[in-house]
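> Predicted model follows, preceded by the sequence.
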Amino acid sequence: MRVEEYLNLKPLYYEEIDYSRMPRVYEKIKSLFSTPKTVHIIGTNGKGTTGRFLAEAIFSMGYSVGHYTSPHILEFNERIWINGSNVADKELEAAHIKLQGILTKDDASSLSYFEYTTFLAMLLFCDCEYVVMEAGLGGEHDATAVFPKILTLVTPIAHDHEAFLGSEIAQIAAAKLNAIQNSAILATQQYDEVYEVADRLCSKKSLNIEKVDTFIDDIDREKIDEISKKLSLVSYLKQNLSLSIAALKFLGLKYDSGNFQKPQLFARLTKIAKNITIDVGHNVLAAKSIVEALLGNKYVVIYNSYKDKNYKEILEILAPITLHVEIIAIDDKRVADIKNIKTVLTNLKIEYRQFKEIKPEYNYLVFGSFSVVERFLREYYE
(Lines give C-alpha, C1' and ligand atoms only; values in the text may rest on other atoms or scores of the structure.)
Protein backbone atom coordinates (compact mmCIF):
# COMPACT_ATOMS: atom_id res chain seq x y z
CA MET A 1 0.00 0.00 0.00
CA ARG A 2 1.37 3.39 -1.01
CA VAL A 3 2.27 5.86 1.73
CA GLU A 4 -0.61 8.25 1.03
CA GLU A 5 -3.20 5.46 1.17
CA TYR A 6 -1.56 4.04 4.30
CA LEU A 7 -1.57 7.37 6.15
CA ASN A 8 -5.19 8.04 5.16
CA LEU A 9 -6.17 4.96 7.18
CA LYS A 10 -4.77 6.55 10.32
CA PRO A 11 -6.78 9.14 12.27
CA LEU A 12 -5.25 12.59 12.17
CA TYR A 13 -6.52 13.48 15.63
CA TYR A 14 -7.34 11.65 18.84
CA GLU A 15 -9.52 12.50 21.82
CA GLU A 16 -6.88 10.80 23.99
CA ILE A 17 -3.21 10.13 23.21
CA ASP A 18 -1.12 7.16 24.36
CA TYR A 19 2.07 8.98 25.35
CA SER A 20 3.93 5.72 25.99
CA ARG A 21 3.55 4.40 22.43
CA MET A 22 6.18 6.45 20.56
CA PRO A 23 8.96 5.97 23.17
CA ARG A 24 8.14 2.25 23.37
CA VAL A 25 8.36 1.73 19.61
CA TYR A 26 11.45 3.94 19.28
CA GLU A 27 13.27 1.96 21.96
CA LYS A 28 12.89 -1.17 19.81
CA ILE A 29 14.25 0.35 16.60
CA LYS A 30 16.49 3.26 17.63
CA SER A 31 19.69 1.40 16.68
CA LEU A 32 18.51 1.55 13.05
CA PHE A 33 18.36 5.36 13.02
CA SER A 34 21.35 7.62 12.49
CA THR A 35 21.62 10.64 14.76
CA PRO A 36 22.34 13.85 12.83
CA LYS A 37 22.88 17.00 14.88
CA THR A 38 19.26 17.73 15.73
CA VAL A 39 17.72 21.04 16.77
CA HIS A 40 14.28 20.57 18.32
CA ILE A 41 11.76 23.43 18.13
CA ILE A 42 8.97 23.67 20.69
CA GLY A 43 6.54 26.46 21.60
CA THR A 44 3.10 27.71 20.60
CA ASN A 45 3.69 29.97 17.59
CA GLY A 46 6.47 30.53 15.11
CA LYS A 47 7.99 27.03 15.09
CA GLY A 48 7.69 26.58 11.34
CA THR A 49 9.23 29.88 10.27
CA THR A 50 11.99 29.71 12.90
CA GLY A 51 12.85 26.24 11.66
CA ARG A 52 12.85 27.20 8.00
CA PHE A 53 15.03 30.28 8.62
CA LEU A 54 17.51 28.03 10.44
CA ALA A 55 17.42 25.15 7.93
CA GLU A 56 17.79 27.46 4.92
CA ALA A 57 20.76 29.21 6.52
CA ILE A 58 22.55 25.97 7.41
CA PHE A 59 21.94 24.61 3.91
CA SER A 60 23.30 27.80 2.33
CA MET A 61 26.52 27.25 4.29
CA GLY A 62 27.12 24.00 2.43
CA TYR A 63 25.76 21.49 4.94
CA SER A 64 23.11 18.86 4.25
CA VAL A 65 20.03 19.56 6.33
CA GLY A 66 16.49 18.32 6.84
CA HIS A 67 13.52 20.27 8.18
CA TYR A 68 10.45 18.54 9.58
CA THR A 69 7.33 20.68 9.99
CA SER A 70 3.58 20.16 10.27
CA PRO A 71 0.84 20.16 9.30
CA HIS A 72 0.90 20.54 5.54
CA ILE A 73 -1.37 22.80 3.51
CA LEU A 74 -1.81 21.28 0.06
CA GLU A 75 0.40 18.18 -0.12
CA PHE A 76 1.99 15.86 2.43
CA ASN A 77 5.51 16.36 1.01
CA GLU A 78 5.55 19.89 2.52
CA ARG A 79 6.24 18.30 5.92
CA ILE A 80 9.65 16.92 4.96
CA TRP A 81 12.16 19.36 3.44
CA ILE A 82 15.64 18.19 2.48
CA ASN A 83 18.41 20.43 1.14
CA GLY A 84 16.16 23.11 -0.27
CA SER A 85 13.22 21.08 -1.56
CA ASN A 86 10.21 19.15 -0.34
CA VAL A 87 10.79 15.39 -0.41
CA ALA A 88 10.08 13.76 -3.78
CA ASP A 89 7.34 11.12 -4.06
CA LYS A 90 9.85 8.44 -5.05
CA GLU A 91 12.01 9.05 -1.98
CA LEU A 92 8.96 9.13 0.27
CA GLU A 93 7.71 5.79 -1.05
CA ALA A 94 11.15 4.22 -0.57
CA ALA A 95 11.25 5.39 3.05
CA HIS A 96 7.73 4.05 3.62
CA ILE A 97 8.76 0.61 2.33
CA LYS A 98 11.87 0.67 4.50
CA LEU A 99 9.90 1.68 7.59
CA GLN A 100 7.36 -1.09 6.98
CA GLY A 101 10.28 -3.53 7.04
CA ILE A 102 11.64 -2.11 10.29
CA LEU A 103 8.40 -2.01 12.29
CA THR A 104 6.39 -5.00 13.40
CA LYS A 105 2.93 -5.15 11.89
CA ASP A 106 1.33 -4.35 15.25
CA ASP A 107 3.61 -1.39 15.93
CA ALA A 108 3.11 0.06 12.45
CA SER A 109 -0.65 -0.26 12.84
CA SER A 110 -0.71 1.29 16.32
CA LEU A 111 1.33 4.39 15.47
CA SER A 112 -0.65 7.59 14.93
CA TYR A 113 -0.46 9.57 11.70
CA PHE A 114 2.01 12.02 13.23
CA GLU A 115 4.12 9.31 14.90
CA TYR A 116 4.46 7.32 11.68
CA THR A 117 5.26 10.49 9.75
CA THR A 118 7.95 11.42 12.27
CA PHE A 119 9.69 8.06 11.79
CA LEU A 120 9.43 8.52 8.00
CA ALA A 121 11.10 11.91 8.25
CA MET A 122 13.98 10.64 10.39
CA LEU A 123 14.63 7.82 7.93
CA LEU A 124 14.75 10.35 5.11
CA PHE A 125 17.13 12.55 7.13
CA CYS A 126 19.59 9.72 7.80
CA ASP A 127 22.31 11.21 5.55
CA CYS A 128 21.87 14.79 6.77
CA GLU A 129 24.45 16.55 8.87
CA TYR A 130 21.79 18.66 10.61
CA VAL A 131 18.10 18.15 11.30
CA VAL A 132 15.67 20.87 12.36
CA MET A 133 12.68 19.14 13.92
CA GLU A 134 9.46 20.94 14.82
CA ALA A 135 7.29 19.49 17.57
CA GLY A 136 3.60 18.94 16.93
CA LEU A 137 1.18 20.03 19.63
CA GLY A 138 3.31 19.46 22.72
CA GLY A 139 6.81 19.02 23.98
CA GLU A 140 7.69 16.39 26.56
CA HIS A 141 5.29 13.79 25.14
CA ASP A 142 5.49 14.82 21.50
CA ALA A 143 6.55 12.16 18.99
CA THR A 144 9.56 14.30 18.05
CA ALA A 145 10.84 14.35 21.64
CA VAL A 146 12.23 10.81 21.61
CA PHE A 147 15.22 11.62 19.39
CA PRO A 148 18.55 12.86 20.77
CA LYS A 149 19.09 16.57 20.15
CA ILE A 150 21.91 19.03 20.71
CA LEU A 151 19.69 22.08 21.16
CA THR A 152 16.07 23.01 21.81
CA LEU A 153 14.61 26.30 20.59
CA VAL A 154 11.57 27.61 22.46
CA THR A 155 9.32 29.97 20.52
CA PRO A 156 6.72 32.09 22.39
CA ILE A 157 4.48 29.96 24.63
CA ALA A 158 0.81 30.83 25.04
CA HIS A 159 -2.60 29.16 25.33
CA ASP A 160 -3.33 26.45 22.75
CA HIS A 161 -4.30 22.74 22.73
CA GLU A 162 -5.47 23.20 26.31
CA ALA A 163 -7.26 19.84 26.41
CA PHE A 164 -3.86 18.15 26.17
CA LEU A 165 -1.49 20.72 27.69
CA GLY A 166 -3.51 22.34 30.48
CA SER A 167 -5.28 25.67 30.93
CA GLU A 168 -2.60 27.56 32.85
CA ILE A 169 0.53 29.00 31.25
CA ALA A 170 2.72 27.35 33.88
CA GLN A 171 1.21 23.95 32.99
CA ILE A 172 1.64 24.52 29.27
CA ALA A 173 5.22 25.74 29.73
CA ALA A 174 6.12 22.72 31.86
CA ALA A 175 4.63 20.32 29.30
CA LYS A 176 6.71 21.91 26.56
CA LEU A 177 9.96 22.69 28.39
CA ASN A 178 10.22 19.17 29.80
CA ALA A 179 11.24 18.17 26.28
CA ILE A 180 14.61 19.90 26.75
CA GLN A 181 17.40 17.32 27.03
CA ASN A 182 20.43 19.54 27.63
CA SER A 183 20.59 23.07 26.15
CA ALA A 184 17.86 25.46 25.07
CA ILE A 185 17.36 29.03 23.88
CA LEU A 186 14.18 30.87 24.85
CA ALA A 187 12.62 33.37 22.49
CA THR A 188 11.24 36.50 24.15
CA GLN A 189 8.22 35.35 26.13
CA GLN A 190 5.12 37.40 26.98
CA TYR A 191 4.41 35.41 30.17
CA ASP A 192 6.79 35.53 33.14
CA GLU A 193 5.61 32.05 34.13
CA VAL A 194 7.59 30.60 31.22
CA TYR A 195 10.83 32.01 32.59
CA GLU A 196 9.93 30.80 36.08
CA VAL A 197 9.34 27.25 34.86
CA ALA A 198 12.60 27.36 32.90
CA ASP A 199 14.52 28.49 36.00
CA ARG A 200 13.06 25.64 38.05
CA LEU A 201 13.97 23.09 35.37
CA CYS A 202 17.53 24.43 35.16
CA SER A 203 17.97 23.80 38.88
CA LYS A 204 16.14 20.49 39.00
CA LYS A 205 17.62 18.85 35.87
CA SER A 206 20.91 20.77 35.48
CA LEU A 207 19.86 22.14 32.10
CA ASN A 208 21.47 25.00 30.20
CA ILE A 209 18.61 27.35 29.26
CA GLU A 210 19.52 30.81 27.94
CA LYS A 211 17.46 33.74 26.66
CA VAL A 212 17.77 34.72 23.00
CA ASP A 213 19.31 38.11 23.88
CA THR A 214 22.28 36.29 25.41
CA PHE A 215 23.40 35.42 21.88
CA ILE A 216 22.33 38.53 19.94
CA ASP A 217 24.74 41.49 19.98
CA ASP A 218 24.68 44.86 18.22
CA ILE A 219 26.27 43.47 15.04
CA ASP A 220 23.62 40.75 14.92
CA ARG A 221 20.87 43.35 15.37
CA GLU A 222 22.19 45.29 12.39
CA LYS A 223 22.19 42.13 10.27
CA ILE A 224 18.72 41.19 11.48
CA ASP A 225 17.44 44.63 10.49
CA GLU A 226 19.10 44.27 7.08
CA ILE A 227 17.66 40.80 6.47
CA SER A 228 14.21 41.83 7.73
CA LYS A 229 14.12 44.79 5.38
CA LYS A 230 15.22 42.65 2.43
CA LEU A 231 12.58 39.98 3.14
CA SER A 232 9.89 42.45 4.28
CA LEU A 233 9.50 40.69 7.62
CA VAL A 234 6.87 41.86 10.09
CA SER A 235 7.71 42.07 13.79
CA TYR A 236 6.95 38.49 14.84
CA LEU A 237 8.83 37.02 11.87
CA LYS A 238 11.79 39.22 12.74
CA GLN A 239 11.71 37.68 16.23
CA ASN A 240 11.71 34.19 14.71
CA LEU A 241 14.69 35.17 12.56
CA SER A 242 16.51 36.35 15.69
CA LEU A 243 15.93 32.99 17.38
CA SER A 244 17.30 31.13 14.36
CA ILE A 245 20.42 33.33 14.39
CA ALA A 246 20.90 32.67 18.10
CA ALA A 247 20.82 28.95 17.23
CA LEU A 248 23.50 29.42 14.56
CA LYS A 249 25.74 31.15 17.09
CA PHE A 250 25.17 28.39 19.65
CA LEU A 251 26.12 25.82 16.98
CA GLY A 252 29.27 27.77 16.13
CA LEU A 253 28.15 28.44 12.55
CA LYS A 254 29.24 31.82 11.20
CA TYR A 255 26.56 33.54 9.16
CA ASP A 256 26.03 36.68 7.14
CA SER A 257 22.95 38.27 5.63
CA GLY A 258 23.54 36.32 2.41
CA ASN A 259 22.55 33.12 4.23
CA PHE A 260 18.97 34.38 4.38
CA GLN A 261 17.91 34.87 0.78
CA LYS A 262 14.49 33.23 0.79
CA PRO A 263 11.26 34.33 2.44
CA GLN A 264 9.71 32.50 5.37
CA LEU A 265 7.47 29.48 5.02
CA PHE A 266 4.45 29.86 2.76
CA ALA A 267 1.17 31.06 4.35
CA ARG A 268 2.81 33.01 7.16
CA LEU A 269 1.43 36.47 6.36
CA THR A 270 2.03 35.67 2.71
CA LYS A 271 0.60 37.85 -0.06
CA ILE A 272 -0.65 35.64 -2.87
CA ALA A 273 -2.21 38.56 -4.72
CA LYS A 274 -2.20 42.33 -4.41
CA ASN A 275 -5.29 42.25 -2.21
CA ILE A 276 -5.02 38.77 -0.58
CA THR A 277 -2.92 37.86 2.46
CA ILE A 278 -3.03 34.34 3.92
CA ASP A 279 -1.89 33.11 7.31
CA VAL A 280 -2.27 29.70 8.97
CA GLY A 281 -2.36 31.17 12.48
CA HIS A 282 -5.24 29.87 14.58
CA ASN A 283 -4.85 31.00 18.18
CA VAL A 284 -4.92 34.14 20.31
CA LEU A 285 -1.18 34.79 20.12
CA ALA A 286 -1.23 34.50 16.32
CA ALA A 287 -4.17 36.92 16.12
CA LYS A 288 -2.34 39.48 18.26
CA SER A 289 0.77 39.21 16.07
CA ILE A 290 -1.27 39.69 12.91
CA VAL A 291 -3.07 42.76 14.24
CA GLU A 292 0.27 44.26 15.27
CA ALA A 293 1.57 43.69 11.74
CA LEU A 294 -1.51 44.89 9.83
CA LEU A 295 -2.98 47.59 12.08
CA GLY A 296 -3.96 50.68 10.12
CA ASN A 297 -5.61 48.74 7.30
CA LYS A 298 -9.01 47.10 7.05
CA TYR A 299 -9.57 43.59 5.71
CA VAL A 300 -12.39 41.28 4.82
CA VAL A 301 -11.47 38.37 7.08
CA ILE A 302 -12.13 34.97 5.52
CA TYR A 303 -12.49 32.81 8.61
CA ASN A 304 -13.56 29.61 10.28
CA SER A 305 -12.44 27.85 13.43
CA TYR A 306 -12.14 24.56 15.24
CA LYS A 307 -14.44 24.22 18.23
CA ASP A 308 -11.52 23.91 20.68
CA LYS A 309 -10.15 27.36 19.73
CA ASN A 310 -11.08 30.54 21.56
CA TYR A 311 -12.69 32.09 18.49
CA LYS A 312 -14.56 34.69 20.55
CA GLU A 313 -11.31 36.21 21.80
CA ILE A 314 -9.61 35.76 18.42
CA LEU A 315 -12.38 37.60 16.56
CA GLU A 316 -12.41 40.32 19.21
CA ILE A 317 -8.64 40.80 18.75
CA LEU A 318 -9.04 40.93 14.96
CA ALA A 319 -11.88 43.49 15.16
CA PRO A 320 -9.67 46.61 14.70
CA ILE A 321 -8.53 45.38 11.27
CA THR A 322 -11.83 43.73 10.27
CA LEU A 323 -14.13 45.29 7.69
CA HIS A 324 -16.44 42.28 7.86
CA VAL A 325 -16.09 38.51 8.14
CA GLU A 326 -16.81 35.98 5.40
CA ILE A 327 -17.19 32.45 6.75
CA ILE A 328 -15.64 29.73 4.61
CA ALA A 329 -16.88 26.17 4.93
CA ILE A 330 -14.32 23.52 5.94
CA ASP A 331 -14.93 19.78 6.02
CA ASP A 332 -13.58 18.65 9.39
CA LYS A 333 -15.28 16.99 12.34
CA ARG A 334 -13.48 19.41 14.68
CA VAL A 335 -15.00 22.52 13.10
CA ALA A 336 -16.98 24.86 15.35
CA ASP A 337 -20.76 25.10 15.07
CA ILE A 338 -21.40 27.85 12.53
CA LYS A 339 -24.29 29.14 14.66
CA ASN A 340 -21.91 29.76 17.57
CA ILE A 341 -19.49 31.70 15.39
CA LYS A 342 -22.34 33.80 14.02
CA THR A 343 -23.56 34.51 17.57
CA VAL A 344 -20.08 35.69 18.56
CA LEU A 345 -19.86 37.94 15.52
CA THR A 346 -23.31 39.40 16.24
CA ASN A 347 -22.36 40.11 19.85
CA LEU A 348 -19.14 41.79 18.68
CA LYS A 349 -21.17 43.84 16.17
CA ILE A 350 -19.08 42.48 13.29
CA GLU A 351 -20.97 42.01 10.03
CA TYR A 352 -20.67 38.57 8.44
CA ARG A 353 -21.72 36.58 5.41
CA GLN A 354 -20.79 33.37 3.64
CA PHE A 355 -17.65 33.47 1.52
CA LYS A 356 -18.42 33.29 -2.18
CA GLU A 357 -15.82 35.15 -4.19
CA ILE A 358 -12.93 37.61 -4.12
CA LYS A 359 -13.83 41.15 -5.12
CA PRO A 360 -11.09 43.49 -6.39
CA GLU A 361 -12.25 46.47 -4.30
CA TYR A 362 -11.48 44.75 -0.96
CA ASN A 363 -8.32 43.62 0.83
CA TYR A 364 -8.64 40.09 2.21
CA LEU A 365 -7.05 38.28 5.15
CA VAL A 366 -7.50 34.49 5.13
CA PHE A 367 -7.02 33.26 8.70
CA GLY A 368 -8.22 30.53 11.05
CA SER A 369 -6.17 27.36 10.57
CA PHE A 370 -4.26 25.30 8.01
CA SER A 371 -7.64 23.86 6.96
CA VAL A 372 -9.07 27.32 6.26
CA VAL A 373 -6.08 28.28 4.14
CA GLU A 374 -6.13 24.94 2.32
CA ARG A 375 -9.82 25.23 1.48
CA PHE A 376 -9.40 28.82 0.31
CA LEU A 377 -6.39 28.03 -1.89
CA ARG A 378 -8.15 25.08 -3.52
CA GLU A 379 -11.12 27.30 -4.37
CA TYR A 380 -8.98 30.27 -5.41
CA TYR A 381 -6.75 28.27 -7.77
CA GLU A 382 -9.54 26.19 -9.32
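Here it is on my side, so go on. Residues are numbered from 1 along each chain as shown.

> Residue 269 and residue 310: what is the separation?
Distance of residue 269 to residue 310, computed by C-beta to C-beta, to the nearest Å: 21 Å. Just so you know, the C-beta spots here come from the backbone N, C-alpha and C atoms, and that holds for glycine as well.

> These two: which is more packed in?
Higher neighbour count among residue 269 and residue 310: residue 269, with 23 against 16, using other C-beta atoms under 10 Å.

> Need the per-residue pLDDT for the more buried one.
For residue 269, the pLDDT comes out at 93.

> Show the contacting residues for it.
Counting by C-beta atoms under 8 Å, 6 or more residues apart in numbering, residue 269 makes contact with 234, 237, 277, 279, 290, 293.

> now do residue 85
Contacts were defined as C-beta under 8 Å, 6+ apart; by that measure residue 85 touches no other residue.

> before we move on, back to that, let me know the closest of the contacts of residue 269 to residue 328.
residue 279 (13.9 Å; C-beta to C-beta).

> right, and the closest one touches residue 270 too?
Yes - if you go by C-beta atoms under 8 Å, residue 279 and residue 270 touch, sitting 7.3 Å apart.

> Any stretches of this structure with poor pLDDT?
15, 161-167 (pLDDT under 70).

> Which parts of it are strands?
Using DSSP state E, the strands found in the chain span residues 37-42, 65-68, 80-82, 85-86, 130-134, 151-154, 183-186, 208-211, 270-273, 276-278, 299-303, 322-327, 352-354, 364-367.

> Tell me the gap between the fourth one and the middle of its chain.
Chain-centre distance of strand 85-86: 17 Å, with C-alpha atoms, centre = their mean, to the nearest Å.

> re earlier: any chance of the strands of the chain in CSV, plus distance to residue 118?
Converted to CSV, the strands of the chain look like this (distance: least, C-beta to C-beta, whole Å):
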stretch, distance to residue 118
strand 37-42, 12
strand 65-68, 7
strand 80-82, 10
strand 85-86, 16
strand 130-134, 8
strand 151-154, 16
strand 183-186, 20
strand 208-211, 24
strand 270-273, 26
strand 276-278, 26
strand 299-303, 30
strand 322-327, 34
strand 352-354, 38
strand 364-367, 27
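
> Which one, of those, ends up nearest to residue 27?
Of the strands of the chain, nearest to residue 27 by C-beta to C-beta is strand 37-42, at 17.5 Å.

> same for that closest one, what does it pack against?
Applying 3 or more C-beta pairs under 8 Å, 6 or more residues apart in numbering; DSSP states H and E, one finds that strand 37-42 contacts helix 47-60, strand 130-134, strand 151-154.

> For these, give me JSON lines that also has mean neighbour count and distance to residue 70.
Listed next are the helices and strands packed on strand 37-42 as JSON lines, based on neighbours: other C-beta atoms under 10 Å; distance: least, C-beta to C-beta, whole Å:
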{"stretch": "helix 47-60", "mean neighbour count": "25", "distance to residue 70": "8"}
{"stretch": "strand 130-134", "mean neighbour count": "26", "distance to residue 70": "7"}
{"stretch": "strand 151-154", "mean neighbour count": "27", "distance to residue 70": "16"}
